[in-house]
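S.K.: dropping a prediction and its sequence here:
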2 protein chains.
Amino acid sequence: MNYHFSSRVPKSDVDPVGDILKIAGKPGIISFAGGLPAPELFPVTQIAQATAQVLQEKGRDALQYGSSQGIQELRNVIVDRVKLAGIHTDANHIMVATGSQQTLDLTGKNFLDKGDTVIVERPTYLCAVDVFKSYGAHFAGVNMDDAGMKMAELEQALIDNPSAKLIYTIPNFQNPTGRTMSLARRQKVAELAEKYDVMVLEDNPYGAVRFAGNSLPSIKSFDKSGHVIYMGTFSKILAPGMRLGWIVTETKLLSKYTMMKQSADLHTDNLSQYIVAKYVAMFDINRHIQSICKLYQKRERLMMNAIHKYFPSHVKCSQPEGGMFIWVEIPAIKDTQALFAECIKNNVAFVPGEPFYEDQGDPGNFRLNYSNMCDDQIETGIKRLGAVIKQMINC
Amino acid sequence: MNYHFSSRVPKSDVDPVGDILKIAGKPGIISFAGGLPAPELFPVTQIAQATAQVLQEKGRDALQYGSSQGIQELRNVIVDRVKLAGIHTDANHIMVATGSQQTLDLTGKNFLDKGDTVIVERPTYLCAVDVFKSYGAHFAGVNMDDAGMKMAELEQALIDNPSAKLIYTIPNFQNPTGRTMSLARRQKVAELAEKYDVMVLEDNPYGAVRFAGNSLPSIKSFDKSGHVIYMGTFSKILAPGMRLGWIVTETKLLSKYTMMKQSADLHTDNLSQYIVAKYVAMFDINRHIQSICKLYQKRERLMMNAIHKYFPSHVKCSQPEGGMFIWVEIPAIKDTQALFAECIKNNVAFVPGEPFYEDQGDPGNFRLNYSNMCDDQIETGIKRLGAVIKQMINC
C-alpha cells in the first residue's frame, strides 16, 4: 500500500543514529555512544515514598485530566530551580512540557514556516535539527570554540539571514561538545537577539550538573526585551522516564505554547507532575544533584585520564565542567564512519560527529558519553579506541 | 513585543470552549459542560499498589529513557484490549502515544499539508478539528443520523474531494452526540476507504464503556487493505491523568508514527506505562470497567428521565448506549449562546453545539455530560435547564 504522506515526512526510513545505537548496544561492546543518565543514581525509594504520599493525599487529582499549563505545585518548584540560572519569575510565566523534546516541537510549531531559518551551534543537538526540519526549517550553522558560539559569526549569520526566526543554543556543557558559553557571550547573545529582533531558544538540560568551575547566569537572565525562551528539564537531575520539562517566557507567548500544547497532548502526565513536586517537598533534590555531579566528575576524570594515556598526544578534546559528553576532534581522520566500523570490530563504540551537524559536518569528530558507563569499563574502552585511532592515523 | 509566529498560530487568543468551561465552573452552577470521567471510580489504592510493585521490581527501567514505540509490557496489554474490538494483532503493530490527543496530532503531522481535506462527522470532537486545522486542513462535514454518518453523504464527500487525506470518525458513543455507528455502516466505511484510497482514523475512546445494547466490531476489523488507523486510550477505562493512548496500524506506517513521536516527545512517560501494565497484571480491569458502566448507566438514566419530565415533549435527544454524552437538538432555539447565557443566570451549564462543527454549525444543539455529575444534582440541573428552554421557546 502507498501512503499519501505529508511533505514533512521523510521518504526514507533510515535512522542513522538509531542504527549506530543498535550496533553499539550489541553484547560485548563497550559503548560510549548513548546519552543516558546513570540509572544507579535514580532515587527509586524516595520516588516510591513520594508516589505513595501523592496517591494517598491527591489520588483523584493526579489521575484526572489536568491543566495544559501544568500543575501549580510543580510550576512553583520550577520557579525555585530557575533562580539558580539567575531567572527571577513566577509560576504564571512557566509551562510544564512533556520533556524538553516537546518544547523543541512546540517552538517549531509556534515559529517555523517552511523555508524559515534557524541559527544553530555547529555542531548541535541532533533531535533539535530533526524536529525543526519537520517544520521545513533551513539552518545557518555558527562555529564554536571553547567559549561557545563565535559571536562575530553569529552576528554575520543574523545579517545574512535577516528573517531568521530562532537562535537555538545549549550554553552549558553542550550536547554534543560539552562546551560552555562564556559569560560575555551570553550577554552578547541577549543583545544581538534584541538588536536583530530574533528569538533565542536557550536549552539548559545539563546546567545543574556542574562538577567544576563556577555557575554562569543564563542568557535569559540578561534578556530585557522578551526575546529569550528558556527551557529546562528534570531528565538529567532526577529521571528522564517521567518526561517532565519546562518553558519560561512572557505570558503573551506562553499562552500560545499552552494552546499548542493542548493540541499536542492536552497536558503533561499529571501523576508524574505530582510525584516530582512531592519528591522535591519531601527530599533534598540539591543534595541528590550533588551526588550526580560527584559520580559524573569521577567518570569524566577517568575518561580524560585514559584519553591522555591512550590517544595520540595531538588529539584535541573538550574539557567539560559538567554534563555528560566529551567531544573529540581528530582532523587526520578523514572518514569517521570507517573509524566507527573499525571500533565496532574492536568492541568499542561512540557517535560519529556528522549527525550533529546541520550540514555535512566536519570529519574526524565524535562524541563520547561518560555518565552511563561503569567506572572499570571506561579505561578498557578508551584503550581500545586509542589503539584503533593510532592504527588508522598511521595507515 | 511583536512575535513573528508561524502561519499556523491563530491570531486570536480567544478560546470559546475554554471560556464556556470557566463560566460553567463557577460555584453554584450545576455544570453538564465538562467531559471528565467520574474520579470517584479511579482505582487509587490499586494504582498505588501497582506503582509500589513497579518501583520495587523495575524502578531503574521505569525512570530511565525508553522506547518511542512504548514498553513491550503495555503493548501486550493493548493487544488484548483491542481484541474486544475484533482486532487480532500483535505488539509490533502497536505504538503507545501520550494520550489520544497525541495520536490526532501525529496523524495530522504524518498526513496533512496545507489545504488538504479531512472528512469529519458533523458534529465531531472539537480538539480534533483544532489540531487538524493547525496543519492547514480544510474540512468536509458529513451529517449523521442515529446510526452514525450517512453513507450516501460520505461517498459524495469522497467524490467531491478526490484528494481527501483522512476520514475521522468516532464510531462508539460519539463525542459530542453519543451516537453509535451501525454494523453495516462500519463495513461500508472500510469498503469506501479502500475504493477511494483514503485513510480512516477510527477513534474509539469510549467503546469499552458500553452499558446497553451489544458491542459492535470496529471498522478496523473490516479493513483488508490497511486503510484504517485505529486509536484507543486508557483515559476513559482507567485514568486520563496518566496520558496513555495507543495506535494500531501496519508496521510500515507505524514506523513513521514512531519517528514523528520521537520528534514530538521522545517517548511516552515510562513510569505510567509500567504502572498501567502492572495494574492490569495485578487486578481485573474488566471488572473495573463494569463498575464504570454501571455508574454511567445510572446517571444516564437519571438524566434521560429528568429530560422526559422537564423538557418540552418535542425535544429530540440522542439515546447513548455508552460513553459520557447526550446530544440535544431543539431547532426552535435559534441562538444557542443566548440559551447558554440564560442558563448561567439560572445556575446550570452545558456546551453549546457550535464549536463541535467544522463549519458554523446548526443552532439549537448542545451537549450534556452525565459521567461527572453526582446523582442528586442531575435532576435539579435538568429541571433548571428545562425551565429555561420552555421560557425561551415560548418567547
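M.R.: Good, I have the coordinates. Keep in mind that this is a model prediction, so the values were computed, not measured.

S.K.: got the phi and psi for residue A:335?
M.R.: Reported as degrees, to the nearest 10, the phi and psi values for residue A:335 are phi -130, psi 100.

S.K.: that one contacts residue A:363, doesn't it?
M.R.: Yes - the pair formed by residue A:335 and residue A:363 meets the contact definition of C-beta atoms under 8 Å, at 6.5 Å. C-beta here means a position set from N, CA and C on the backbone, and glycine is covered the same way.

S.K.: higher neighbour count, those two?
M.R.: Summary of the neighbour comparison: residue A:335 and residue A:363, criterion other C-beta atoms under 10 Å in any protein chain shown, with residue A:363 having more neighbours (19 against 13).

S.K.: neighbours of the nearest residue to that one once chain neighbours are set aside, how many?
M.R.: Setting aside the residues directly before and after it, residue A:363 is nearest to residue A:334 in space (C-beta to C-beta, 6 or more residues apart in numbering or on different chains), at 5.2 Å. Other residues lying near residue A:334 total 11 when counted by other C-beta under 10 Å.

S.K.: now swap in the one 3 residues further on and tell me
M.R.: Using other C-beta under 10 Å, residue A:337 is surrounded by 12 other residues.

S.K.: so what's it scoring on pLDDT?
M.R.: According to the per-residue confidence, residue A:337 scores 93 in pLDDT.

S.K.: ok, now which ones touch the closest residue to it other than its chain neighbours?
M.R.: Setting aside the residues directly before and after it, residue A:337 is nearest to residue A:352 in space (C-beta to C-beta, 6+ apart), at 6.0 Å. By C-beta atoms under 8 Å, 6 or more residues apart in numbering or on different chains, the contact set of residue A:352 is A:20, A:336-337, A:339-340, A:365-366.

S.K.: dihedrals phi and psi, residue A:352?
M.R.: Residue A:352 has phi and psi values of phi -60, psi 150 when expressed as degrees, to the nearest 10.

S.K.: before we move on, what about residue A:186?
M.R.: Given degrees, to the nearest 10, the pair of backbone angles that residue A:186 has is phi -60, psi -50.

S.K.: for the residue nearest to it when sequence neighbours are not counted, give its distance to chain B.
M.R.: What sits nearest to residue A:186 in space, not counting adjacent residues and going by C-beta to C-beta, 6+ apart, is residue A:219, at 4.8 Å. Residue A:219 sits 16 Å away from chain B, taking C-beta to the nearest C-beta, to the nearest Å as the criterion.

S.K.: my guess is residue A:219 contacts residue A:192, does it?
M.R.: No - shown here, residue A:219 and residue A:192 do not form a contact pair, counting by C-beta under 8 Å, at 10.3 Å.

S.K.: more neighbours: the two, which one.
M.R.: Ranked by neighbour count (other C-beta under 10 Å), residue A:219 and residue A:192 place residue A:219 first, with 28 against 20.

S.K.: quick one: contacts for the more buried one?
M.R.: Residues in contact with residue A:219 (C-beta under 8 Å, 6+ apart) are A:169, A:171, A:181, A:186, A:189-190, A:200, A:202, A:228, A:230.

S.K.: keep only those of those residues that are in strands.
M.R.: Here DSSP state E is the test, and the contacts of residue A:219 give A:169, A:200, A:202, A:228, A:230 as lying in strands.

S.K.: among those residues, who's most crowded?
M.R.: In terms of neighbours by other C-beta under 10 Å, the ones in strands among the contacts of residue A:219 top out with residue A:202 at 30 neighbours.

S.K.: can you pull the pLDDT of it?
M.R.: The per-residue pLDDT of residue A:202 was computed as 98.

S.K.: who's in contact with it?
M.R.: By C-beta under 8 Å, 6+ apart, the contact list for residue A:202 reads A:169, A:171, A:218-220, A:228-231.

S.K.: heading C-terminal from the helix ranked longest in chain A, find the next helix or strand.
M.R.: With DSSP state H applied, the helix covering the greatest number of residues in chain A is identified as helix A:285-310. For helix A:285-310, the following helix or strand on the C-terminal side (DSSP states H and E) is strand A:316-317.

S.K.: list the contacts of the next helix-or-strand element following that next one.
M.R.: Using DSSP H and E, the helix or strand that follows strand A:316-317 towards the C-terminus is strand A:325-329. Under the criterion C-beta under 8 Å, 6+ apart, residues A:35, A:123, A:173-179, A:300, A:303-304, A:307, A:311, A:315-318, A:320, A:350, A:353, A:362, A:364-370 lie in contact with strand A:325-329.

S.K.: cool, and stretch A:250-259?
M.R.: Contacts of stretch A:250-259 with the rest of the structure, by C-beta under 8 Å, 6+ apart, involve A:68-69, A:92-95, A:106, A:110, A:226, A:229, A:247, A:249, B:1, B:3, B:5, B:9-10, B:13, B:15.

S.K.: buried sites along it?
M.R.: Using 16 or more other C-beta atoms under 10 Å in any protein chain shown as the test for burial, stretch A:250-259 gives A:250, A:253-254, A:256-259.

S.K.: quick one: mean pLDDT for that stretch?
M.R.: According to the model, stretch A:250-259 has a mean pLDDT of 96.

S.K.: on contacts alone, who are the packing partners of the strand or helix carrying residue A:155?
M.R.: The secondary structure element spanning residue A:155 is helix A:151-160 (assigned by DSSP H and E). In terms of contact count using 3 or more C-beta pairs under 8 Å, 6 or more residues apart in numbering or on different chains; DSSP states H and E, helix A:151-160 is assigned the packing partners strand A:117-122, strand A:138-145, helix A:183-195.

S.K.: at 7 Å instead, please
M.R.: strand A:138-145, helix A:183-195 (3 or more C-beta pairs under 7 Å, 6 or more residues apart in numbering or on different chains; DSSP states H and E).

S.K.: could the ones you listed go into CSV alongside mean pLDDT?
M.R.: Conversion of these to CSV gives the following (pLDDT from 0 to 100):
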stretch, mean pLDDT
strand A:138-145, 97
helix A:183-195, 98
